[in-house]
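> Quick one, fold the following:
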Amino acid sequence: MQLITCERSKGKHGQTVQKCKNSPSSSPIKFTSAGVKLAATLRRGKVIFATGFAIGANAKTRLVLTPRRAIGKGRYLLTIEHNARQSRQTIMIE
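Numbering: from 1, shown residues only. Take a look at the predicted model:
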């Protein structure tokens, strides 16, 4: 799985740019529909650390999140939503 976190910041001449970075994760994510963009939430307990979307594919899974808080190493609960169905999985971020 590839975890990508993106933040907006000011670049040259006051333009808004998006800075993204990759974080390794050791946990595979299982999807029921490949290639579809699904809403995703990363949380620990009741605290939401990031929101975004997940795209599942046969070879790669990408999780693109916009952080609300600093995401450190540890265990998080990933909630993926599709057609009013929720799938919850525990992932480990290294």
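> Hmm, residue 77 and residue 92 touching each other?
No: Residue 92 is beyond contact range of residue 77, at 11.2 Å (criterion: C-beta atoms under 8 Å). Bear in mind the C-beta positions are built from the backbone N, C-alpha and C, glycine included.
> Could you measure from residue 53 over to residue 45?
22 Å (C-beta to C-beta, to the nearest Å).
> Looking at those two, which is more packed in?
residue 53 (16 against 7; other C-beta atoms under 10 Å).
> Look up which residues are beta-bridged to the more buried one.
For residue 53, the beta-bridge partners under DSSP bridges are residue 39, residue 64.
> For it, list the residues it contacts.
Residue 53 makes contact with 37-40, 64, according to C-beta atoms under 8 Å, 6 or more residues apart in numbering.
> and if we set it to 10 Å?
36-40, 62-66, 80-81 (C-beta atoms under 10 Å, 6 or more residues apart in numbering).
> what about the nearest residue to residue 72 once chain neighbours are set aside, distance to residue 13?
Using C-beta to C-beta, 6 or more residues apart in numbering and skipping residues adjacent in sequence, the residue nearest residue 72 is residue 93, 7.5 Å away. As judged by C-beta to C-beta, residue 93 and residue 13 stand 35 Å apart.
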